[in-house]
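Engineer: okay, predicted coordinates and the sequence, questions at the end:
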Amino acid sequence: MPPLITTEEALDYGNLTDHEEIGALVERAWEVRRENFGDSTDMCSLVNAKSGGCAEDCGFCAQSRYAEADTPMHAMMEPEQILEHAKAAEAAGAHRFCMVTQGQGLSKKDFQKILDGARLVAEQTNLKRCASVGHMSVERAKSLSEAGIQRVHHNVESAKSYYPEVSSTVRYEGRLRTIQAVKEAGLETCVGGILNLGETPEQRVEMAFELSEINPTSVPINLLIPKDGTKFGDRTVMDPWEVVKWIAIFRLVIPGALFRLCGGRVENLGELHGLAVKAGLNGVMMGNFLTTLGAEPADDRAMFEELGLNVARQPDNGSNPRPDNRSGWLEGESPATPMEELIDHQEEANFWDPSTQLRVVKKGKKAPSYPTAA
C-alpha cells in the first residue's frame, strides 16, 4: 500500500508542536488504522534467548563490548526454557511470541536450539512464532520456516544517511540482504527502528519512506532508553507528544503494515500510551523487553479495549489471514491453550523478568572506544 502523504507533508507534520494540531493528526492516523485493520490487534511478547557479550558497536545497546554499561548476560536458552516463556506469554494474552538473540548471527549449535524451541512453541501453544537472530541466508530462513517460524524480525534501526552513527560493524546493506533473504524464503518480515538516536526530523521521514519501500508485514517502533556507558547514553528521553506525533506520521507513510510499540515506551510515553495507540498502533510488545522492564500485560490489554479494540485471539489477528496452528498450516489439532485459565494471574504464569532472570556482569576493564563513523 503506497504512502498516504508525501515527503513534504511528512516534514510539515514533523514540525508540529501545538497539541491540538497533533491531536488532529492522530485522528487522521486513527481513521487509517481502523480502515485497514478494523478492531483487531496483534499483541507480541518476546524472550531474550541469548544475551550479552556482543562484539558489535551499536551505540544504543548495553550488550555491546564497546559499552561501559553493565552487561546483562546469559548463554543460549535450552528449547524447553524457550517453551516455558512462550506459555507464560500466551497466558498473559499475547498473540505472538518472538525468540531474540544478540549479535550478527548464531553458531550452528545455537541456531539449532532456536529451531527446536520454535517447534516446541508451534506444537504446544497457539502462539504465532517470530525470531530475531541476526543476519541469515535464504537457507537459514527456510530452516526457520520449516521449524514453524512465520515472521522474522530484523530492524534497519535508523535512516540510511544516519546509520553510520549507529553502527560501523553491522552494515546497513547487510541488514537489507537479510530482509531480502527472509522474503525469498516466503516468511513475513518485521522491520523497524529506534527513534531519538540523534537523527534529524528529516532523517526520521527518510527512514519512514525507506521502510515503505521495504514493505514489511510489521513495523516495530522503539524509543531510545539512554543508558550510561553507551554511545547515546547522554541523550534525554523524547517528549511524549513528539512520540505520538511520529507514530502518526509513520502510520500515514506505511498505512498497510502492522505497527507495534516496543522498547522505551514506558520511559518515553508516560501518560500518553492511549493516545499513541490512537496514532496508529496495532499492538505493543507486552510484558518485559530484552534487558528492561515493561508494563503489566493487563494494563496493556485494557488500554486497547478502552478504544473499542479487540484483544482476544482471532483467526488472523489482522485484516489478512496469516499462518496459524488452527488454520492447518501445521499438521495436527491445535493444542490446548493455558490462556483462559491463567490470564490475569501472573503469579501462576511468570513473565520474562530481566531484573531477576538476567545475570548482570560488571565489566572489569575499560571498554574500547566506539569507532568513528565513516
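Structural biologist: Here it is on my side, so go on. Residues are numbered from 1 along each chain as shown.
Engineer: shaky segments in this protein?
Structural biologist: Under the criterion pLDDT under 70, the flagged ranges of the chain are 52-53, 71-72, 287-295, 313-365, 373-374.
Engineer: at the geometric centre of it, which residue sits there?
Structural biologist: Centroid-nearest residue in the chain, with Cα atoms, centre = their mean: Pro220, separated by 4.4 Å.
Engineer: ok, it to Glu80 distance?
Structural biologist: Going from Pro220 to Glu80 by Cβ to Cβ, to the nearest Å gives 27 Å. C-beta here means a position set from N, CA and C on the backbone, and glycine is covered the same way.
Engineer: how about the helix or strand hosting Leu252: buried residues?
Structural biologist: If you go by DSSP states H and E, Leu252 is part of helix 240-253. Neighbour-count burial for helix 240-253 flags 240-253 (criterion: 16 or more other Cβ atoms under 10 Å).
Engineer: how about those in JSON lines, adding distance to Phe304?
Structural biologist: Listed next are the buried residues of helix 240-253 as JSON lines, based on distance: Cβ to Cβ, whole Å:
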{"residue": "Pro240", "distance to Phe304": "18"}
{"residue": "Trp241", "distance to Phe304": "21"}
{"residue": "Glu242", "distance to Phe304": "22"}
{"residue": "Val243", "distance to Phe304": "17"}
{"residue": "Val244", "distance to Phe304": "16"}
{"residue": "Lys245", "distance to Phe304": "20"}
{"residue": "Trp246", "distance to Phe304": "20"}
{"residue": "Ile247", "distance to Phe304": "15"}
{"residue": "Ala248", "distance to Phe304": "17"}
{"residue": "Ile249", "distance to Phe304": "21"}
{"residue": "Phe250", "distance to Phe304": "19"}
{"residue": "Arg251", "distance to Phe304": "16"}
{"residue": "Leu252", "distance to Phe304": "20"}
{"residue": "Val253", "distance to Phe304": "23"}
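Engineer: going by distance to Ile214, which of those residues wins?
Structural biologist: Distance to Ile214 across the buried residues of helix 240-253 (Cβ to Cβ) is lowest for Val253, with 11.9 Å.
Engineer: got the contact list for that closest one?
Structural biologist: In this structure, Val253 makes contact with 3-5, 10, 205, 208-209, 211-212, judged by Cβ atoms under 8 Å, 6 or more residues apart in numbering.
Engineer: appreciated, that's everything.
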